[in-house]
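Novice: pasting the structure only:
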């Protein structure tokens, strides 16, 4: 009979979050040696990671942190909402966020290579995924610079961790308006700050589409330029933050609200889990 007791099972389960049967089996194989049982469970989980590589990660959370003049936003994904709302997944996201911000990582590749607890972030994530038995994925990372920041993390369900995250960098003193703009971003989902930031190729592609649509609608040829420009302006209002109608008062543009509050937006990032 293996040399372990219920206390050993309890210690190992609290440490790794593994199931009762897997924990007992590992202790049996390790003859009661907790550290050896940890190795066994990690190796077993690591083999499972390869099998889970093609699984979908549509659940997870967003997290954000400010370090100096930079705010970091990340999306950590998993397979099920049960795991997403668990303490261990939340603790993992904090470790990842700390490592990413400490390293100044601005891309997923840089983030995965960042040091964390004597290993890389990628190794940390894979190790925890192996133990819990789901596929984990650091899907997105963003860094925004500014003098001041507003972080808005929104829960789409009270039972889940934040599913929508916004970081807003700005100059100015009106923190209340900055928070309102961050909330607007979470709702309106702009892709760019200003119309000047929209890539020329994206604008031209939109112009071709709306021109063809207008022609197919039988609009008079003489009126086409004005109609197309109107639809291009509508496109800018969809994708550029400063062009959008303000969510709290659609008679005002975001640009107008920002200017009246004496703010200058340096940048923003928005992530929604699974989107």
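Specialist: Received the coordinates, thanks. All values reported here derive from a predicted model rather than from experimental measurement. Residues are numbered from 1 along each chain as shown.
Novice: For the residue positioned nearest the centre of the chain, name its beta-bridge partners.
Specialist: The centre of the chain sits closest to residue 75, judged by Cα atoms, centre = their mean, with a distance of 2.5 Å. On the basis of DSSP bridges, residue 75 takes part in beta bridges with residue 62, residue 140.
Novice: Check residue 150 too.
Specialist: residue 168.
Novice: hmm, back to that, need the contact list for the residue nearest to the centre of the chain.
Specialist: 60, 61, 62, 138, 139, 140, 165, 271, 273 (Cβ atoms under 8 Å, 6 or more residues apart in numbering). Where you see a C-beta, it was placed from the backbone N, CA and C, and this is true even at glycine.
Novice: Distance check, it against residue 64.
Specialist: Residue 75 sits 10 Å away from residue 64, going by Cβ to Cβ, to the nearest Å.
Novice: One more: residue 206?
Specialist: Residue 206 sits 31 Å away from residue 64, going by Cβ to Cβ.
Novice: okay, those two: which has more neighbours?
Specialist: Neighbour totals were compared for residue 206 and residue 64, and residue 64 leads with 22 against 19 (other Cβ atoms under 10 Å).
Novice: quick one: the strands in the stretch 1-150 of the chain?
Specialist: Using DSSP state E, counting those that start in this stretch, the strands of the stretch 1-150 of the chain run over residues 59-67, 70-78, 115-116, 119-120, 137-145, 148-154.
Novice: can I get those in TSV with mean pLDDT and distance to residue 222?
Specialist: Output for the strands of the stretch 1-150 of the chain, formatted as TSV (pLDDT from 0 to 100; distance: least, Cβ to Cβ, whole Å):
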stretch	mean pLDDT	distance to residue 222
strand 59-67	97	49
strand 70-78	97	48
strand 115-116	96	63
strand 119-120	94	62
strand 137-145	97	45
strand 148-154	98	47
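Novice: closest to residue 266 out of the ones you listed?
Specialist: strand 137-145 (6.1 Å; Cβ to Cβ).
Novice: That closest one - contacts with which helices or strands?
Specialist: Using 3 or more Cβ pairs under 8 Å, 6 or more residues apart in numbering; DSSP states H and E, the elements in contact with strand 137-145 are strand 70-78, helix 108-113, helix 121-132, strand 164-171, strand 264-272.
Novice: Reformat the ones you listed into TSV and put distance to residue 100 next to each item.
Specialist: Below are the helices and strands packed on strand 137-145 laid out as TSV (distance: least, Cβ to Cβ, whole Å):
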stretch	distance to residue 100
strand 70-78	6
helix 108-113	5
helix 121-132	7
strand 164-171	13
strand 264-272	13
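Novice: Comparing those by mean pLDDT, which bottoms out?
Specialist: Ranked by mean pLDDT, those bottom out at helix 121-132, with a mean of 88.
Novice: Go through it and flag the buried ones.
Specialist: 121, 122, 124, 125, 126, 127, 128, 129, 130, 131, 132 (16 or more other Cβ atoms under 10 Å).
Novice: Looking at those, which one is closest to residue 169?
Specialist: Closest to residue 169, out of all of the buried residues of helix 121-132 and judged by Cβ to Cβ, is residue 121, at 23.5 Å.
Novice: Just give the closest residue to residue 213, not the sequence neighbours.
Specialist: For residue 213, ignoring the flanking residues on the chain, the nearest one in space by Cβ to Cβ, 6 or more residues apart in numbering is residue 231 at 7.8 Å.
Novice: If you count contacts, what does the strand or helix carrying that neighbour end up packed against?
Specialist: Take DSSP states H and E as the rule and residue 231 turns out to sit in helix 224-239. For helix 224-239, the contact count by 3+ Cβ pairs under 8 Å, 6+ apart identifies helix 200-216 as packing neighbours.
Novice: Identify each buried residue in the helix it packs on, please.
Specialist: 206, 210, 211, 214.
Novice: Repeat that for stretch 242-257.
Specialist: In stretch 242-257, counting by 16+ other Cβ under 10 Å, buried: 242, 243, 244, 246, 247, 253, 254, 255, 257.
Novice: can I get the buried residues of helix 121-132 in TSV with distance to residue 89?
Specialist: Putting the buried residues of helix 121-132 into TSV (distance: Cβ to Cβ, whole Å) gives the following:
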residue	distance to residue 89
121	15
122	16
124	13
125	11
126	14
127	13
128	8
129	10
130	14
131	11
132	8
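Novice: Nice, that's everything, thank you.
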